[in-house]
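**Student:** sharing a sequence plus its predicted fold:
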Amino acid sequence: QQQQQQQHQTVQAPTPSMQFAPDSHMMASSPIGGINPASPGGAANRGSAQQNVSNSSMMTSPTATSPATPNRSSVGKFFRELRQSMVTSSAVAAVGGAFGIEAAKPKIVEEDAKFLVDKEKSTKLETELCGLSVKTEKILQREEKFADSLGAFGLECMKFARVEEEASGISGRYSEPGTRLATAAQFFRKVGNASVRASRIARAATVQLAKAMDPLHAHLNLMPSVRRATQLRADTLLSLQTLLSDQERLTNRISKLAPDITKHVKIEQLKRELEVTNRLAENAKREYDCIRARQANEFARTEKERVEEFEQMLLGLARVQVAQAERTLSVWRSLAEELGASPEEWSQTISVEDSSPEKEVVDGK
């Protein structure tokens with residue numbers, strides 16, 4: 001019985017690899033970058049969008065992680081980094097002299113001018129993409145309302161044609177009033193059919209327009225990843241500045257205590273702490289350099305892909321509008337000819353004057 005119990009306990013005891021194994025199917029199904037695969041037209045550009053998001057997520061994943069620091073709590077690290085950010089801030093440098101606060105210049109600062117320009121450009125780009133996305137959504141909503149209204153108008157014309165036919169039968173189908181009513185009913189039925197066809201064309205164009213504008217929303221969904229990447233770089237730089245400041249502080253303390261032979265134990269403790277700080281600073285420096293190199297390539301790649309995809313997006317937008325205009329023109333032109341218009345009318349240019357003309361919009365003004 002004791003052997004059976006020991007075997008039973010051996011089977012039930014999980015191995016360390018089983019306890020800490022990552023849940024692969026959960027990781028594979030987790031959303032990245034906030035892109036919704038079920039969005040309108042998402043199937044058309046889902047591959048490129050997911051590739052962009054997966055590449056952009058590389059901007060936020062550090063390749064080197066700092067080892068755990070002995071005798072250094074996360075709370076202490078938070079307050080040291082907070083103090084470092086306050087000491088090196090521009091506000092403290094501007095008014096710190098009046099309050100006796102010394103603004104020490106850190107040993108390493110962000111000197112990559114191209115990164116600062118790209119960061120500012122990404123902030124402006126996100127704002128503009130948000131505004132453009134809102135305007136696109138309004139256009140789609142108005143197109144949907146127009147298609148619904150046009151379809152409802154066509155159905156009402158058909159209902160009215162039925163009423164006219166009933167009135168024609170009451171007045172006498174072959175009498176003069178009955179003939180006029182039957183002709184009017186036929187005209188209304190043709191207008192109703194044309195309106196319903198134009199409504200279907202408008203609905204189809206709205207769906208195609210939403211698909212064509214998918215790159216806009218895909219790149220808008222990338223902006224949170226870009227913000228996280230720039231924030232990660234700033235946090236890594238702050239950690240590096242804090243570690244370099246700790247190095248200087250510990251070195252100064254050791255040099256001050258060195259003449260006092262009674263502080264031997266304290267000096268050895270500070271030296272061990274300085275050794276750990278040096279290793280952390282080296283790791284933080286490697287991580288910061290790696291992030292700088294990776295983000296330089298990622299910003300350039302993202303900008304290139306955005307320009308190419310936006311060119312295709314605008315071309316698709318123009319094609320959708322041309323197809324809708326040609327099909328709608330064919331429907332209404334056929335209706336006009338059936339109602340008595342002459343085909344020669346289409347050879348002449350018809351100018352439509354706006355009742356309330358507005359000034360031409362130039363550069364959004």
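**Tutor:** The structure has been received and is ready for your questions.
**Student:** let's verify residue 340: helix, strand, or coil?
**Tutor:** Following DSSP: H, G, I helix; E, B strand; the rest coil, residue 340 is assigned to coil.
**Student:** that one: how many residues sit nearby?
**Tutor:** 7 (other CB atoms under 10 Å). (Glycine included, C-beta is placed from N, CA and C.)
**Student:** again with the one 5 residues further on
**Tutor:** When neighbours are counted by other CB under 10 Å, residue 345 registers 11.
**Student:** ok, it - contacts?
**Tutor:** residue 336 (CB atoms under 8 Å, 6 or more residues apart in numbering).
**Student:** roughly how far apart are it and residue 328?
**Tutor:** Here the criterion is CB to CB, to the nearest Å. By it, residue 345 lies 17 Å from residue 328.
**Student:** before we move on, what about residue 173?
**Tutor:** 35 Å.
**Student:** need the phi and psi values for residue 111.
**Tutor:** phi -110, psi 0 (degrees, to the nearest 10).
**Student:** try residue 319
**Tutor:** Dihedral angles (degrees, to the nearest 10) for residue 319: phi -60, psi -40.
**Student:** what pLDDT does it get?
**Tutor:** Per-residue pLDDT puts residue 319 at 95.
**Student:** what's the closest non-adjacent residue to it?
**Tutor:** residue 212 (7.8 Å; CB to CB, 6 or more residues apart in numbering).
**Student:** what sits against the one you found?
**Tutor:** 41, 313, 316, 317, 319, 320.
**Student:** just to revisit the earlier point, more neighbours: which of residue 173 and residue 328?
**Tutor:** residue 328 (17 against 12).
**Student:** for the more buried one, give me its contacts.
**Tutor:** 198, 201, 202.
**Student:** in JSON lines: the residues you listed, plus pLDDT.
**Tutor:** Output for the contacts of residue 328, formatted as JSON lines (pLDDT from 0 to 100):
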{"residue": "198", "pLDDT": "95"}
{"residue": "201", "pLDDT": "96"}
{"residue": "202", "pLDDT": "95"}
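**Student:** buried subset of the contacts of residue 212?
**Tutor:** 41, 313, 316, 317, 320 (16 or more other CB atoms under 10 Å).
**Student:** quick check: which element contains the third one?
**Tutor:** With elements taken from DSSP states H and E, the one containing residue 316 is helix 264-338.
**Student:** buried residues, stretch 308-317. List them.
**Tutor:** 309, 313, 316, 317.
**Student:** show me the contacts for the second one.
**Tutor:** Counting by CB under 8 Å, 6+ apart, residue 313 makes contact with 212, 213, 214, 215, 216.
**Student:** what ranges of this structure fall below the confidence cut-off?
**Tutor:** The chain contains residues with pLDDT under 70 at 1-105, 348-365.
**Student:** returning to what we had before: would you list the contacts of residue 212 in CSV and tack on distance to residue 206?
**Tutor:** Formatted as CSV, these follow (distance: CB to CB, whole Å):
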residue, distance to residue 206
41, 11
313, 16
316, 14
317, 12
319, 14
320, 9
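**Student:** count of neighbours near the closest residue to residue 165 other than its chain neighbours?
**Tutor:** Distances taken as CB to CB, 6+ apart put residue 185 closest to residue 165, at 4.5 Å, once the chain neighbours are dropped. Number of residues near residue 185 (other CB under 10 Å) recorded here: 20.
**Student:** with residue 129 instead?
**Tutor:** Counted with other CB under 10 Å, residue 129 comes out at 18.
**Student:** pretty sure it contacts residue 221?
**Tutor:** No - using CB atoms under 8 Å, residue 129 is not in contact with residue 221, being 9.6 Å away.
**Student:** hmm, back to that, helix or strand for the residue nearest to residue 165, which one?
**Tutor:** Secondary structure (DSSP H and E) places residue 185 in helix 176-212.
**Student:** just want the angle from that helix to helix 264-338.
**Tutor:** 160 degrees (axes from the mean of the first three to the mean of the last three CA atoms, to 10 degrees).
**Student:** three-state assignment of residue 259?
**Tutor:** coil.
**Student:** phi, psi of it?
**Tutor:** Torsion angles, degrees, to the nearest 10, at residue 259: phi -60, psi -20.
**Student:** contact partners for it?
**Tutor:** With contact set as CB under 8 Å, 6+ apart, residue 259 has no partners.
**Student:** how far away is it from residue 266?
**Tutor:** 13 Å.
**Student:** repeat for residue 272
**Tutor:** 11 Å.
**Student:** and the one helix or strand residue 123 maps to, what other elements does it pack with?
**Tutor:** According to DSSP H and E, residue 123 maps onto helix 113-171. Contacts defined by 3 or more CB pairs under 8 Å, 6 or more residues apart in numbering; DSSP states H and E place helix 113-171 against helix 176-212, helix 214-257, helix 264-338.
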